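Peer 1: Sequence below, structure please.
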Amino acid sequence: MTLPPSREQYGRISLSPLRIVLAYVVAGFLWILFSDRLADVLFRGNPDLLLWVSSLKGFAFVLVTGGLLHLLLHRHLLAYRRKELELGESRRRYQLVVENAPDAILIHDASRFVFANEEAARLFGAASAEDIIGRPVMDFVHPDSREAVAGRMERTMARKQVARLREQRYQRLDGSPIEVEVSGVPFALGSGPGGLIFVRDIGNRLRAERHLRESEAKYRLLADNAHDLIFILDAAFRPTFVSPSVRRLRGISVEEAMTETFEDMMTPESAAKAWEQAAQIRNGGPAHHVVQRLELEARHKDGGTVWIESVVRPLFDASGTFTGVLGVGRDITERRRIEEDLRRSREFLRMILETIPDPVFVKDSDHRFVTVNGALCAMLGQPAAAIIGKADKDFVPAEEAEVFIARDRLVLETGKDDIYEEGMTDQLGVKHIFVTRKGLFVDASGARFIVGVIRDVTEDKAKEQRLRDSLLEKEVLLKEVHHRVKNNLQVISSLLYLQKDTIEDPAVQIIFEESRNRISSMALIHEELYRSGDLARVDLKEYLERLTPKLIQSLRGERTIGFALELEECRVPVDKAIPFGLIVNELVTNAVKHAFTGRASGNVRVAVTREADLVRAVVEDDGVGLGDDFHPDTVKSLGMQLVVQLTRQLRGALSFGSSTAGTVFRLSFPLQDAAGEPLRP
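Peer 2: Residues are numbered from 1 along each chain as shown. Here you go, the predicted structure:
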């Protein structure tokens, strides 16, 4: 490529034709003037020679001026070519700039476009720049901006001023709107006005700015309404932003928070902790660009304190220089209180576990110990650290461990408590008997655990066996006592019978017979106790089934006395069975002796029922009935007095009635007193 002439060369070369003509005229005048004078001086005396010199001077002038003109024209042509070369180079540079410009460049004649670069074609959606040339400028302006663009063009052309950048809305050939930034330069285009305009697509930038504004608005809304405290500190750890939630958290305004130091914000211990962490963050550099979590005790305006969990992140610029800290703080006062309560609860639970004399353990679903108390450690002869994480097979023989695991599986599968007796051999080889209660515990995450309590009943079992043996001995002795009491009562009954035979007075014989029957009823109680496996209670059904026939048989004489028994199974203590038996003895005796006076036959009915803890008995006959003035409390006979006194001893109630159908006595008494214990006389 040929370089264009420099400015110094241009200064030495005349590029104007007028200058060439003037130079030629001046040179001609000077030649004529000086050549004529010189010829006149030299050849004035020789006219012929002077004429020949004049002719020669004319030829010389033509040659000199022709050479001079050739030189000037040659130099002018050379300058013109250099100028043309420079113009071509300038055009190539201009074309390179215009065609590769990132902005659309167009030229208009105040009405239509006369030039457009390729970026303009791309911007307006044209196949090529030729599709834009010749079209009205307003075809590419959105209707919303046409009035403003037309006014701006008119003012720019009239004032010949550069139009500064302005955001406007244009449109593509397909009518879709585009956001652009436009500037213009007015200039003369031929004989009329023209304008050079630069158009830049700012749609992406506007969208980014719009998104940025929306994002900033959202983040501002979030920061202003966040429940947590959001803050930013500069490189000196001074607040540069504090969210309004600081009022809710600490009771102070944003303005007050912006002037605080760490010492103002926190208690001395927390301030020292914050400064220590701040130094680590500042000296860590971008390589340690990690989130830090701190629990700090902040001051409240009311004089109290609040616990805040702060999550902070260091900020660095593009060069890696520390610029500050972004953080979020959350009120964890309630959580700290709950954690403290939980800690105390765990400590309390630990103390309870250690205080319990029985071994206590917790196993996971893999049958491994996760918690043990001191009693279990003492039982296994191992510290807690040596037990946690291990299973039963690590401490007891395999066959015993399999039994434990089987019981664990039962609890895990059914979810029900399991109480069972098991044997275990300790480290010394001594066999122990344990009663273990296991239950299922499921935590919040769904993990399943077995909670167990063990009681060593080896000694209790030995004591129980000794007590059982002792009880068996006592039962044998007590049965022997009842047997001997029964025999003694029967001896007394036999003596009374023999004594009765020696007495001639019938009235006295009757008294002896009644006493003999009373003794027999008591002897029958002891016989029932001897025969029964229960030495403390008597079944009234079996007792009355044996007592009633004996009484009627011993008292009826030559008469025909029938009886009916309607009895339910009812076991009562001995101290109630004896008075009850005596009452029934007296009521049946009275019925047989007095109800059938003047009759050869009759019937007696005895019934016993139980309603909860209340026993009801009925003694009924179909005899002559009671007199109108009869009352048990006023009767002087020993038998009826016994009935009244024994009823009181039972804490019972006695009622009676008489009609043409006979006499009935009803007795009811409780099995237990108000305290739940059997009544005592």
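
Peer 1: Now do the helices for the stretch 351-500 of the chain: every range, in order, please.
Peer 2: For the stretch 351-500 of the chain, helices defined by DSSP state H, counting those that start in this stretch occupy the ranges 374-380, 384-387, 398-414, 458-501.

Peer 1: my bad, the stretch 201-350 of the chain
Peer 2: With DSSP H, counting those that start in this stretch as the definition, the stretch 201-350 of the chain shows helices at residue ranges 203-225, 246-250, 254-258, 262-265, 268-284, 333-355.

Peer 1: Could you give the average pLDDT over stretch 154-167?
Peer 2: Stretch 154-167 shows a mean pLDDT of 81.

Peer 1: how long is that stretch end to end?
Peer 2: Between the opening and closing residues of stretch 154-167 we find a distance of 17 Å, counting by Cα to Cα, to the nearest Å.

Peer 1: For that stretch, what is the distance to the chain centroid?
Peer 2: Averaging C-alpha coordinates over stretch 154-167 and over its chain gives two centres that are 65 Å apart (Cα atoms, centre = their mean, to the nearest Å).

Peer 1: contacting residues around that stretch?
Peer 2: Contacts with stretch 154-167, where a contact means Cβ atoms under 8 Å, 6 or more residues apart in numbering, come from 110, 152, 179-186, 193, 195, 197, 202, 206. C-betas here are computed from N, CA, C, even on glycine.

Peer 1: cutoff 6 Å now
Peer 2: Applying Cβ atoms under 6 Å, 6 or more residues apart in numbering, the external contacts of stretch 154-167 come out as 110, 181-186, 193.

Peer 1: How far off centre is stretch 293-309?
Peer 2: 24 Å.

Peer 1: let's number from 54 now, not from 1
Peer 2: Taking 54 as the first residue, the last one we looked at is stretch 346-362.

Peer 1: K271: neighbouring residues, count only.
Peer 2: 10 (other Cβ atoms under 10 Å).

Peer 1: whoops, I mixed them up, R462
Peer 2: What R462 shows, counting by other Cβ under 10 Å, is a neighbour count of 13.

Peer 1: Could you measure from it over to T424?
Peer 2: Spatial separation of R462 from T424 under the definition Cβ to Cβ, to the nearest Å is 20 Å.

Peer 1: swap in V190?
Peer 2: When distance is defined by Cβ to Cβ, V190 is 87 Å away from T424.

Peer 1: Comparing those two, which shows the higher neighbour count?
Peer 2: More crowded of V190 and T424, by other Cβ under 10 Å: V190, with 21 against 18.

Peer 1: which ones are touching that one?
Peer 2: Contacts of V190 by Cβ under 6 Å, 6+ apart are H161.

Peer 1: where do the strands sit along the stretch 504-653 of the chain?
Peer 2: Listed from the start of the chain, the stretch 504-653 of the chain has strands (DSSP state E, counting those that start in this stretch) covering 590-592, 613-620, 624-626.

Peer 1: other SSEs contacting the second one?
Peer 2: The reference is to strand 613-620. Packing partners of strand 613-620 (3 or more Cβ pairs under 6 Å, 6 or more residues apart in numbering; DSSP states H and E): helix 593-608, strand 654-664.

Peer 1: ok, 10 Å please
Peer 2: When contacts are defined as 3 or more Cβ pairs under 10 Å, 6 or more residues apart in numbering; DSSP states H and E, strand 613-620 packs onto helix 593-608, helix 627-647, strand 654-664, strand 667-674.

Peer 1: hey, which of those is tucked in deepest?
Peer 2: Highest mean neighbour count of the helices and strands packed on strand 613-620: helix 627-647, a mean of 22 (counted as mean count of other Cβ atoms under 10 Å).

Peer 1: got the angle for that helix vs strand 654-664?
Peer 2: Orientation check (axes from the mean of the first three to the mean of the last three Cα atoms, to 10 degrees): helix 627-647 against strand 654-664 gives 160 degrees.

Peer 1: Helix 593-608 and helix 627-647, what's the angle between them?
Peer 2: With the same axes, to 10 degrees applied, the angle from helix 627-647 to helix 593-608 works out at 30 degrees.

Peer 1: quick one: average pLDDT of helix 627-647?
Peer 2: 82.

Peer 1: do stretch 152-161 as well
Peer 2: Mean per-residue pLDDT for stretch 152-161: 83.

Peer 1: Dump it to CSV, keeping only the CA atoms.
Peer 2: Once side chains and other backbone atoms are set aside, the C-alpha atoms of stretch 152-161 remain, and they are given as CSV (Å, rounded to 0.1, in the frame of the first residue of the first chain):
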residue,chain,number,x,y,z
GLU,A,152,-19.3,-1.8,8.4
ASN,A,153,-17.8,-3.2,11.6
ALA,A,154,-19.3,-0.6,14.0
PRO,A,155,-21.2,-2.2,16.9
ASP,A,156,-23.9,0.4,16.5
ALA,A,157,-26.3,1.0,13.5
ILE,A,158,-25.0,4.0,11.4
LEU,A,159,-27.5,5.7,9.0
ILE,A,160,-27.6,8.8,6.9
HIS,A,161,-30.8,10.5,6.0
